[in-house]
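Visitor: Curious how this folds, go ahead:
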Amino acid sequence: RSTRRPGARQPAAPVITTGNVPAGEAPPCPPGTRLLAAIDVEWSKNYRVKNGNVPFCFSVAWLSVAAAEEAITDTTPFWYTSAYVQDDGERGDLITAADAALGSLTRSASVIAGHQLCSDLAVLAAADSGQSPAIKDAASGWRQRRDPPPGQPPFLDTRYDAGHVLACQSRRLVDVCADLRLDVTQPELRGASMTALHRRWTECGDVSAREKITVLNLRHSL
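Guide: Below is the predicted model:
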(Lines give C-alpha, C1' and ligand atoms only; values in the text may rest on other atoms or scores of the structure.)
Protein backbone atom coordinates (compact mmCIF):
# COMPACT_ATOMS: atom_id res chain seq x y z
CA ARG A 1 0.00 0.00 0.00
CA SER A 2 1.34 3.42 -0.90
CA THR A 3 2.08 5.90 1.89
CA ARG A 4 1.91 8.81 -0.53
CA ARG A 5 -0.28 11.69 0.72
CA PRO A 6 -1.85 14.47 -1.34
CA GLY A 7 0.61 17.34 -1.48
CA ALA A 8 3.38 15.38 0.27
CA ARG A 9 6.85 15.64 -1.24
CA GLN A 10 8.14 12.22 -2.20
CA PRO A 11 11.75 11.05 -2.51
CA ALA A 12 13.10 10.71 -6.03
CA ALA A 13 12.43 7.35 -7.68
CA PRO A 14 13.13 5.95 -11.13
CA VAL A 15 10.60 5.92 -13.94
CA ILE A 16 8.48 2.77 -13.76
CA THR A 17 9.38 0.64 -16.78
CA THR A 18 7.73 -2.64 -17.70
CA GLY A 19 7.71 -4.87 -20.77
CA ASN A 20 9.33 -7.85 -22.42
CA VAL A 21 11.97 -5.84 -24.32
CA PRO A 22 14.07 -3.07 -22.73
CA ALA A 23 13.71 0.53 -23.88
CA GLY A 24 16.38 1.16 -26.46
CA GLU A 25 16.38 -2.41 -27.74
CA ALA A 26 14.41 -4.17 -30.47
CA PRO A 27 13.10 -7.73 -30.47
CA PRO A 28 14.77 -10.32 -32.73
CA CYS A 29 13.97 -10.09 -36.42
CA PRO A 30 14.49 -13.51 -38.05
CA PRO A 31 15.37 -13.63 -41.76
CA GLY A 32 12.34 -13.10 -43.97
CA THR A 33 10.43 -11.06 -41.39
CA ARG A 34 9.77 -7.38 -40.80
CA LEU A 35 9.43 -5.53 -37.50
CA LEU A 36 6.45 -3.20 -37.30
CA ALA A 37 6.49 -0.73 -34.41
CA ALA A 38 4.22 1.89 -32.88
CA ILE A 39 4.51 4.44 -30.09
CA ASP A 40 1.87 6.25 -28.06
CA VAL A 41 2.40 9.01 -25.49
CA GLU A 42 0.07 10.34 -22.80
CA TRP A 43 0.48 13.82 -21.38
CA SER A 44 -1.10 16.32 -19.01
CA LYS A 45 -2.69 18.98 -21.22
CA ASN A 46 -2.31 22.70 -20.61
CA TYR A 47 -3.08 24.66 -23.78
CA ARG A 48 -2.91 28.03 -22.00
CA VAL A 49 0.85 27.79 -21.45
CA LYS A 50 3.35 27.48 -24.29
CA ASN A 51 4.83 23.99 -24.20
CA GLY A 52 2.62 23.33 -21.18
CA ASN A 53 1.76 19.76 -22.20
CA VAL A 54 3.78 17.46 -19.94
CA PRO A 55 4.33 13.81 -21.00
CA PHE A 56 3.98 11.29 -18.20
CA CYS A 57 3.65 7.91 -19.91
CA PHE A 58 4.55 6.21 -23.18
CA SER A 59 4.54 2.75 -24.67
CA VAL A 60 6.15 1.09 -27.67
CA ALA A 61 4.72 -2.05 -29.29
CA TRP A 62 6.44 -4.34 -31.80
CA LEU A 63 5.06 -6.97 -34.17
CA SER A 64 7.16 -9.37 -36.23
CA VAL A 65 5.49 -10.42 -39.48
CA ALA A 66 6.61 -12.33 -42.56
CA ALA A 67 7.95 -10.15 -45.35
CA ALA A 68 5.16 -11.50 -47.55
CA GLU A 69 1.66 -10.31 -46.61
CA GLU A 70 0.51 -12.13 -43.50
CA ALA A 71 -2.61 -11.82 -41.38
CA ILE A 72 -2.18 -10.46 -37.85
CA THR A 73 -4.57 -12.01 -35.34
CA ASP A 74 -5.22 -11.76 -31.62
CA THR A 75 -2.77 -14.65 -31.09
CA THR A 76 0.13 -12.94 -32.89
CA PRO A 77 2.97 -12.46 -30.36
CA PHE A 78 4.14 -8.95 -29.64
CA TRP A 79 6.81 -7.16 -27.65
CA TYR A 80 6.41 -3.96 -25.70
CA THR A 81 8.02 -1.39 -23.46
CA SER A 82 5.99 0.87 -21.17
CA ALA A 83 7.30 3.73 -19.04
CA TYR A 84 5.43 5.81 -16.44
CA VAL A 85 6.67 8.51 -14.07
CA GLN A 86 6.61 8.06 -10.32
CA ASP A 87 5.84 11.77 -10.03
CA ASP A 88 5.61 14.78 -12.33
CA GLY A 89 9.16 15.81 -11.50
CA GLU A 90 10.54 12.88 -13.51
CA ARG A 91 9.85 14.36 -16.93
CA GLY A 92 13.55 14.36 -17.79
CA ASP A 93 13.91 10.65 -16.99
CA LEU A 94 10.86 9.84 -19.09
CA ILE A 95 12.28 11.86 -22.00
CA THR A 96 15.55 9.92 -21.74
CA ALA A 97 13.66 6.63 -21.89
CA ALA A 98 11.54 7.85 -24.82
CA ASP A 99 14.67 8.94 -26.68
CA ALA A 100 16.19 5.48 -26.23
CA ALA A 101 12.95 3.84 -27.40
CA LEU A 102 12.67 6.04 -30.49
CA GLY A 103 16.30 5.35 -31.29
CA SER A 104 15.56 1.62 -31.42
CA LEU A 105 12.50 2.26 -33.62
CA THR A 106 14.38 4.33 -36.17
CA ARG A 107 17.23 1.79 -36.28
CA SER A 108 15.22 -1.43 -36.43
CA ALA A 109 11.58 -0.91 -37.44
CA SER A 110 10.33 -1.40 -40.99
CA VAL A 111 7.38 0.92 -40.21
CA ILE A 112 6.80 3.35 -37.33
CA ALA A 113 3.13 4.00 -36.66
CA GLY A 114 0.89 5.86 -34.24
CA HIS A 115 -2.41 7.71 -34.02
CA GLN A 116 -1.77 11.46 -34.02
CA LEU A 117 1.88 10.48 -33.99
CA CYS A 118 2.75 14.05 -34.89
CA SER A 119 1.27 15.31 -31.62
CA ASP A 120 3.05 12.69 -29.53
CA LEU A 121 6.41 13.51 -31.10
CA ALA A 122 5.78 17.26 -30.83
CA VAL A 123 4.99 17.01 -27.11
CA LEU A 124 8.15 14.97 -26.49
CA ALA A 125 10.24 17.44 -28.52
CA ALA A 126 8.79 20.48 -26.72
CA ALA A 127 9.34 18.92 -23.30
CA ASP A 128 12.89 18.01 -24.29
CA SER A 129 13.85 21.37 -25.87
CA GLY A 130 15.60 19.56 -28.71
CA GLN A 131 18.32 17.95 -26.59
CA SER A 132 17.56 14.28 -27.37
CA PRO A 133 18.73 13.23 -30.86
CA ALA A 134 16.31 10.36 -31.48
CA ILE A 135 13.27 12.44 -30.53
CA LYS A 136 14.48 15.24 -32.80
CA ASP A 137 15.14 12.80 -35.66
CA ALA A 138 11.74 11.13 -35.27
CA ALA A 139 9.91 14.46 -35.32
CA SER A 140 11.85 15.43 -38.44
CA GLY A 141 11.15 12.01 -39.99
CA TRP A 142 7.42 12.43 -39.51
CA ARG A 143 7.52 15.80 -41.27
CA GLN A 144 9.45 14.24 -44.17
CA ARG A 145 7.33 11.08 -44.36
CA ARG A 146 5.93 11.99 -47.81
CA ASP A 147 9.46 12.07 -49.25
CA PRO A 148 11.66 10.23 -46.76
CA PRO A 149 15.44 10.36 -47.04
CA PRO A 150 17.31 7.11 -47.82
CA GLY A 151 17.46 4.69 -44.92
CA GLN A 152 14.58 6.25 -42.97
CA PRO A 153 11.77 3.86 -42.04
CA PRO A 154 8.30 4.93 -43.22
CA PHE A 155 6.16 6.84 -40.71
CA LEU A 156 2.44 6.10 -40.68
CA ASP A 157 0.10 8.41 -38.77
CA THR A 158 -3.32 6.77 -38.74
CA ARG A 159 -4.99 10.16 -38.39
CA TYR A 160 -3.49 11.58 -41.59
CA ASP A 161 -2.03 8.72 -43.64
CA ALA A 162 -4.58 5.88 -43.53
CA GLY A 163 -7.22 7.26 -45.89
CA HIS A 164 -6.45 4.53 -48.42
CA VAL A 165 -7.73 1.83 -46.03
CA LEU A 166 -10.47 3.77 -44.19
CA ALA A 167 -14.08 4.33 -45.22
CA CYS A 168 -14.99 6.57 -42.26
CA GLN A 169 -14.86 10.36 -42.46
CA SER A 170 -13.89 10.91 -38.83
CA ARG A 171 -10.29 10.36 -37.83
CA ARG A 172 -10.89 10.07 -34.10
CA LEU A 173 -9.13 7.01 -32.74
CA VAL A 174 -12.39 5.32 -31.73
CA ASP A 175 -13.84 5.82 -35.22
CA VAL A 176 -10.68 4.65 -36.99
CA CYS A 177 -10.60 1.51 -34.83
CA ALA A 178 -14.29 0.85 -35.42
CA ASP A 179 -13.81 1.18 -39.19
CA LEU A 180 -10.99 -1.37 -39.00
CA ARG A 181 -13.21 -3.66 -36.87
CA LEU A 182 -10.98 -3.36 -33.81
CA ASP A 183 -12.29 -3.45 -30.25
CA VAL A 184 -12.64 0.14 -29.06
CA THR A 185 -14.06 -0.35 -25.57
CA GLN A 186 -12.16 1.67 -22.98
CA PRO A 187 -13.37 0.42 -19.59
CA GLU A 188 -10.48 2.18 -17.87
CA LEU A 189 -12.11 5.55 -18.58
CA ARG A 190 -15.58 4.72 -17.30
CA GLY A 191 -16.35 7.30 -14.64
CA ALA A 192 -12.92 8.99 -14.79
CA SER A 193 -10.89 10.95 -17.33
CA MET A 194 -7.27 10.22 -18.17
CA THR A 195 -6.21 13.39 -16.33
CA ALA A 196 -8.18 12.42 -13.22
CA LEU A 197 -6.68 8.93 -13.19
CA HIS A 198 -3.16 10.32 -13.52
CA ARG A 199 -3.80 12.76 -10.66
CA ARG A 200 -4.98 9.86 -8.48
CA TRP A 201 -1.59 8.25 -9.05
CA THR A 202 0.65 11.30 -8.55
CA GLU A 203 -1.27 12.76 -5.62
CA CYS A 204 -2.62 9.68 -3.85
CA GLY A 205 -0.40 6.82 -5.00
CA ASP A 206 -3.35 4.92 -6.47
CA VAL A 207 -1.55 2.07 -8.26
CA SER A 208 -4.73 0.86 -9.95
CA ALA A 209 -5.15 4.28 -11.60
CA ARG A 210 -1.61 4.14 -13.02
CA GLU A 211 -2.13 0.57 -14.22
CA LYS A 212 -5.35 1.52 -16.00
CA ILE A 213 -3.59 4.28 -17.96
CA THR A 214 -0.63 1.99 -18.69
CA VAL A 215 -2.90 -0.68 -20.18
CA LEU A 216 -4.90 1.88 -22.14
CA ASN A 217 -1.72 3.50 -23.47
CA LEU A 218 -0.30 0.16 -24.55
CA ARG A 219 -3.56 -0.76 -26.26
CA HIS A 220 -3.37 2.48 -28.25
CA SER A 221 0.07 1.44 -29.49
CA LEU A 222 -1.18 -1.99 -30.49
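Visitor: before we move on, which element is the most centrally placed residue in the chain in?
Guide: For the chain, the residue nearest the mean C-alpha position is residue 40 (1.8 Å; Cα atoms, centre = their mean). Element membership of residue 40, judged by DSSP states H and E, is strand 33-44.
Visitor: how many neighbours does residue 167 have?
Guide: As a burial measure, residue 167 scores 7 neighbours (other Cβ atoms under 10 Å). All C-beta atoms are positioned from the backbone trio N, CA, C, and that covers glycine.
Visitor: Surely it forms part of a strand?
Guide: No - using DSSP: H, G, I helix; E, B strand; the rest coil, the assignment for residue 167 is coil, not a strand.
Visitor: That one touches residue 179, doesn't it?
Guide: Yes - Residue 167 lies in contact with residue 179 (Cβ atoms under 8 Å); the separation is 5.8 Å.
Visitor: can you map out the strands along the protein?
Guide: Under the criterion DSSP state E, strands of the chain are mapped to 16-19, 33-44, 54-66, 78-84, 111-114, 155-157.
Visitor: coming back round to it: what residues does the residue nearest to the centre of the chain make contact with?
Guide: 58-59, 114-115, 120, 217-218, 220-221 (Cβ atoms under 8 Å, 6 or more residues apart in numbering).
Visitor: I'd like a version of those in a markdown table, one that adds neighbour count and distance to residue 174 as further columns.
Guide: What follows is the contacts of residue 40, written out as a markdown table (neighbours: other Cβ atoms under 10 Å; distance: Cβ to Cβ, whole Å):
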| residue | neighbour count | distance to residue 174 |
| --- | --- | --- |
| 58 | 28 | 20 |
| 59 | 26 | 18 |
| 114 | 24 | 16 |
| 115 | 21 | 10 |
| 120 | 24 | 17 |
| 217 | 22 | 15 |
| 218 | 21 | 17 |
| 220 | 21 | 11 |
| 221 | 22 | 16 |
